[in-house]
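J.: structure for the following, please:
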Amino acid sequence: MLPPVKPKIVCLTVNRACNLGCRWCYSKDACLTKPDEMDLPLACAIADLIIDSGAKQLAIFGGEPTIWPHLSDFNSYINNRVSSTIVTNGLRFLSDEFLDTYKKTV
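T.: The predicted model follows:
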């Protein structure tokens, strides 16, 4: 019998929309006008599974996760339960308002 798997890091793709259109991006065909995004209850349920699996870190992916409307609520939900990383183009962090709001939830 194999020992149980305990992942070190798990990636969660929360949306496919993006605020850029980089031609080399794996998500280059995504756009803001037709977003394909995960709802918050599903993201939280998946986060619970990830945390229960013993994962040490949760990486939040997109498209562009900073334009996912549930990012702040999701960060608050997982805060102090698992370490998180966000994979982003960083464009929204140029806004002091967005940056301040984000910092309050991590």
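
J.: show me the contacts for His70.
T.: Under the criterion of Cβ atoms under 8 Å, 6 or more residues apart in numbering, the contact list for His70 reads 14, 37-40, 43. All C-beta atoms are positioned from the backbone trio N, CA, C, and that covers glycine.

J.: give me that answer again for 6 Å
T.: Taking Cβ atoms under 6 Å, 6 or more residues apart in numbering, we find His70 in contact with Leu40.

J.: hey, where'd the helices end up in this structure?
T.: In the chain, helices defined by DSSP state H lie at 40-52, 71-78, 96-105, listed in chain order.

J.: including mean neighbour count, could the ones you listed go into JSON lines?
T.: What follows is those, written out as JSON lines (neighbours: other Cβ atoms under 10 Å):
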{"stretch": "helix 40-52", "mean neighbour count": "14"}
{"stretch": "helix 71-78", "mean neighbour count": "18"}
{"stretch": "helix 96-105", "mean neighbour count": "12"}
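
J.: tabulate these (TSV), appending distance to Leu2 and mean pLDDT.
T.: Conversion of those to TSV gives the following (distance: least, Cβ to Cβ, whole Å; pLDDT from 0 to 100):
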stretch	distance to Leu2	mean pLDDT
helix 40-52	19	96
helix 71-78	28	96
helix 96-105	37	91
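
J.: could these go into JSON lines alongside distance to Met1?
T.: Supplementary listing: the helices of the chain in JSON lines, determined by distance: least, Cβ to Cβ, whole Å:
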{"stretch": "helix 40-52", "distance to Met1": "20"}
{"stretch": "helix 71-78", "distance to Met1": "31"}
{"stretch": "helix 96-105", "distance to Met1": "41"}
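
J.: all strands for this protein, in order.
T.: Per DSSP state E, the chain has strands spanning 9-13, 57-61, 83-86. These are given in chain order.
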